[in-house]
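J.: Just the structure for this:
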Amino acid sequence: MPRSTRDALVALLVAVAIGGGLYWIGGHASLAVVTGICWGCGLGVTARIGQLYPAYATGETWDDKRWTGLGVGLVSLAALVGVSPFLPVSSALRLELGFLVVGAGLASYATGTMAVLERAVDDGSSTPSGGATPSADDD
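T.: Numbers count the residues shown, from 1 in each chain. Model prediction:
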């Protein structure tokens, strides 16, 4: 199975599992569907970045990881503290909202990264590892 097909299938399965699970837990269809879409798109774009631009994985030093750490920390803060037990909502809704915040954060980070990478490659200021075409194992 080609890597791009496998990645898309995994993203779709995760989206359906999260959306279906949240609907089963909380019963809010629109919230479950949107959360599933966020998670599926976020994972799909993340897999695509790993396939097309493997040289752009976050590096090992603090200079490379500081912005990723800040983004992850703020999304986690919003999901865990912002949607806190002090809100006058049920525990099921609080769980659904937490998943939505994390999924939206994942999708936002992945799509923002892809936008910057495509612009850098199109401008000629940078080239991805192995060229702009998908890897050989994609076929």
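
J.: mind checking the SS state of the most far-flung residue of the chain relative to its centre?
T.: Among residues of the chain, the one most distant from the C-alpha centroid is residue 88; the distance is 28.5 Å, by C-alpha atoms, centre = their mean. Here residue 88 is recorded as coil under DSSP: H, G, I helix; E, B strand; the rest coil.

J.: looking at the protein, which helix or strand is least sure?
T.: Counting by mean pLDDT, DSSP states H and E, the weakest-scoring helix or strand in the chain turns out to be helix 62-77, with a mean of 83.

J.: That helix packs against which elements?
T.: helix 91-123 (3 or more C-beta pairs under 8 Å, 6 or more residues apart in numbering; DSSP states H and E). C-beta coordinates here come from the backbone N, C-alpha and C atoms, glycine included.

J.: Would you mind measuring from the closest residue to residue 74 other than its chain neighbours to residue 9?
T.: Using C-beta to C-beta, 6 or more residues apart in numbering and skipping residues adjacent in sequence, the residue nearest residue 74 is residue 105, 7.9 Å away. Spatial separation of residue 105 from residue 9 under the definition C-beta to C-beta, to the nearest Å is 23 Å.

J.: Ok, residue 49 next?
T.: 17 Å.

J.: Which one of the two is surrounded by more residues?
T.: Using other C-beta atoms under 10 Å as the criterion, residue 49 and residue 9 rank with residue 49 on top: 18 against 12.

J.: Is the more buried one in contact with residue 56, as I believe?
T.: Yes - contact criterion C-beta atoms under 8 Å: residue 49 and residue 56 qualify, at 7.0 Å.

J.: between those two, what contacts are shared?
T.: 113, 117 (C-beta atoms under 8 Å, 6 or more residues apart in numbering).

J.: Just give the number of residues close to residue 102.
T.: 20.

J.: for residue 6, that is, sorry about that
T.: Residue 6, neighbours per other C-beta under 10 Å, totals 11.

J.: Let's see the pLDDT reported for residue 124.
T.: We have a pLDDT of 64 for residue 124.

J.: Next, the residue farthest from the centre of the chain: phi, psi?
T.: phi -80, psi 60 (degrees, to the nearest 10).
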